[in-house]
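> after the sequence you'll find the predicted model.
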Amino acid sequence: MNDGHHELKTGLSFRQVGLFKIDTSEDSIRRRLEDTFHVVMRNLNDTVVSSYLGLSHLTRAGALSHHTAYSKVSFDDHLTVIWDDTYVYCHKSNDHELQRACYSGHKSRHRVKMMSLVFLDGYVLDLIGPFYGKKQ
């Protein structure tokens, strides 16, 4: 499309992705939905994430446009980025390996952690992770 928007096409009909009730096994519907979500995730990663996240999507001039009055006074013309982490607590999974990987003995809960690089005006430069609970 020439208006800057991207279409995510899977080539599957609504019946194929299981949005409507069809006579087939639940495993078959689950497999088709899983395949569809993987296609959508891959397309989002290729089109949106690569254009709006990561250190290479922004020039130095573009990065400096995210300076705030505070960062200009405190850090002059130096790029200022905050590196922060966020825990996302999750429910136990039926997938035994995933459940073990997500369990954090430190917090005694299942969780994953994302690391974020953020400019002082709140613009997210990059996200790193997820890091599973066991590896934190």
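Arrived safely.
> list the contacts of the helix or strand bottoming out on mean pLDDT in the chain.
When the helices and strands of the chain are scored by mean pLDDT, DSSP states H and E, helix 50-52 comes last with a mean of 77. Contacting residues not belonging to helix 50-52 are listed as His57 [Cβ atoms under 8 Å, 6 or more residues apart in numbering]. Yep, even glycine has a C-beta here, placed from its N, CA and C like the rest.
> now that helix: how far from the chain's centre is it?
The chain centre lies 12 Å from the centre of helix 50-52; the measure is Cα atoms, centre = their mean, to the nearest Å.
> how about the next helix or strand after it: buried residues?
Under the assignment DSSP states H and E, the closest C-terminal helix or strand after helix 50-52 is helix 60-64. Residues Ala63, Leu64 are the ones in helix 60-64 that count as buried (16 or more other Cβ atoms under 10 Å).
> can you dump the C-alpha atoms of helix 60-64 in PDB for me?
Extracted C-alpha coordinates of helix 60-64, given in PDB (Å, rounded to 0.1, in the frame of the first residue of the first chain):
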ATOM      1  CA  ARG A  60      21.500  10.900  16.300                       C
ATOM      2  CA  ALA A  61      19.500  14.000  15.300                       C
ATOM      3  CA  GLY A  62      16.300  12.100  15.800                       C
ATOM      4  CA  ALA A  63      17.500  10.900  19.200                       C
ATOM      5  CA  LEU A  64      18.400  14.400  20.200                       C
END
